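J.: Kindly generate the corresponding structure for this input.
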Amino acid sequence: MSIPEINREAPRRVGLFGGTFNPIHQGHLQVARDVLERAPLDRIYFVPSAQPPHKNMGKLAPADDRLAMVRLALGDHPHLRVCDVELKRSGPSYSIDTVRACKAELPVGGRLYFVVGVDAFLEIDTWNACDRLFEETAFIVMSRPGNGQWSPEMCRRIEDYVSARIAPGYALSLAGDTLEHTRKQPVHLLSVTPMDIASRQIRAMIRQGQAIDAWVAPPVAHYIQARGLYR
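T.: Numbering: from 1, shown residues only. Presented below is the predicted three-dimensional model:
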């Protein structure tokens with residue numbers, strides 16, 4: 001499914017969850033379900049990246065395989081979909097381009113949220129046109145998988161980081177769960193279920209001949225085996 005579907009079905013509050021999904025695993029699915037439950041979103045689009053600037057392309061499965069695995073993992077979930085806009089774009093995948101493409105397809109009054117883990121967010125000042133991102137989209141920053149909760153110390157760390165690296169003037173709300181700015185989009189801090197697994201661990205398990213059924217959806221495990229991926 002591609003970007004035109006956003007306009008056709010007209011969800012008004014859309015989350016974009018980008019990543020290599022190399023491969024997609026149960027941790028990705030769990031945090032997406034958490035965000036749907038705890039944030040006012042109509043739908044989350046998983047956006048597999050084709051050529052991410054921060055990743056070593058030699059470790060990536062082919063884009064078509066990663067897209068197929070995301071589709072298999074999401075199945076017929078009514079609020080989780082896949083968007084292949086970055087796979088259709090030549091060259092590196094820049095989030096600012098994806099955000100602008102998706103915003104252009106939202107209905108009038110629609111709202112876009114960029115869903116990202118805290119570790120990736122703490123590198124966002126290195127992203128292309130990062131200052132523009134904070135004007136174009138709100139953020140939902142998910143807590144670190146190992147503990148699943150935002151601590152006051154971590155909230156202050158994010159506040160200091162954003163104020164120093166992105167834009168002075170960001171400050172925590174009274175509730176302590178949102179960074180607010182008078183001229184830029186808010187940054188929402190959302191706790192997700194602890195699930196300490198990473199795609200690199202799954203790839204290592206495959207190379208070592210270990211079973212991965214506990215960590216990926218059954219259709220994905222079957223696809224990986226059938227295609228001989230990550231051997």
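J.: what bridges to the nearest residue to Pro40 once chain neighbours are set aside?
T.: Nearest non-adjacent residue to Pro40, counting by C-beta to C-beta, 6 or more residues apart in numbering: Arg13, 5.6 Å away. Heads up, the C-betas are built off the backbone N, CA and C, glycines and all. For Arg13, the beta-bridge partners under DSSP bridges are Arg111.
J.: so how many other residues sit close to Arg13?
T.: 17 (other C-beta atoms under 10 Å).
J.: which intervals of this protein have sub-threshold pLDDT?
T.: The chain contains residues with pLDDT under 70 at 1-11, 51-58, 145-147.
J.: All the helices of it, residue numbers only.
T.: Assigned by DSSP state H, the helices in the chain fall at 4-9, 26-38, 63-74, 95-105, 118-121, 130-136, 152-165, 199-207, 218-227.
J.: now those as a markdown table including mean neighbour count?
T.: Formatted as a markdown table, these follow (neighbours: other C-beta atoms under 10 Å):
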| stretch | mean neighbour count |
| --- | --- |
| helix 4-9 | 14 |
| helix 26-38 | 19 |
| helix 63-74 | 20 |
| helix 95-105 | 18 |
| helix 118-121 | 16 |
| helix 130-136 | 17 |
| helix 152-165 | 14 |
| helix 199-207 | 17 |
| helix 218-227 | 16 |
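J.: mind checking which of those helices is nearest Phe17?
T.: Taking C-beta to C-beta, helix 26-38 is the member of the helices of the chain nearest to Phe17, at 6.0 Å.
J.: other SSEs contacting the closest one?
T.: Applying 3 or more C-beta pairs under 8 Å, 6 or more residues apart in numbering; DSSP states H and E, one finds that helix 26-38 contacts strand 13-19, strand 43-48, helix 63-74, strand 80-82, strand 111-117, strand 138-142, strand 187-190.
J.: Check which residues of the fifth one are buried.
T.: Using 16 or more other C-beta atoms under 10 Å as the burial criterion, the residues of strand 111-117 that qualify are Arg111, Leu112, Tyr113, Phe114, Val115, Val116, Gly117.
J.: With the shortest one instead?
T.: Buried residues in strand 80-82, counting neighbours by 16+ other C-beta under 10 Å, are found at Leu80, Arg81, Val82.
J.: Show the end-to-end separation of stretch 79-99, please.
T.: Terminal residues of stretch 79-99 lie 19 Å apart, using C-alpha to C-alpha, to the nearest Å.
J.: What is the burial count for the spatially closest residue to Cys83 that is not a sequence neighbour?
T.: Of all residues not flanking Cys83 in the chain, Tyr45 sits nearest, at 4.1 Å (C-beta to C-beta, 6+ apart). Neighbour count of Tyr45, defined by other C-beta under 10 Å: 26.
J.: circling back: is it possible to get a markdown table of the buried residues of strand 80-82 that adds distance to Val31?
T.: Shown next, in a markdown table, are those (distance: C-beta to C-beta, whole Å):
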| residue | distance to Val31 |
| --- | --- |
| Leu80 | 11 |
| Arg81 | 16 |
| Val82 | 16 |
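J.: what's the closest of these to Asp65?
T.: Val82 (13.2 Å).
J.: Wait, the closest one touches Leu72, no?
T.: No: taking contacts as C-beta atoms under 8 Å, Val82 lies outside contact range of Leu72: 9.9 Å.
J.: overlap in contacts of those two?
T.: Contact criterion C-beta atoms under 8 Å, 6 or more residues apart in numbering; residues shared by Val82 and Leu72: none found.
J.: re the thing from before, got the contact list for the residue nearest to Pro40?
T.: Residues in contact with Arg13 (C-beta under 8 Å, 6+ apart) are Pro40, Leu41, Asp42, Arg43, Gly110, Arg111, Tyr113.
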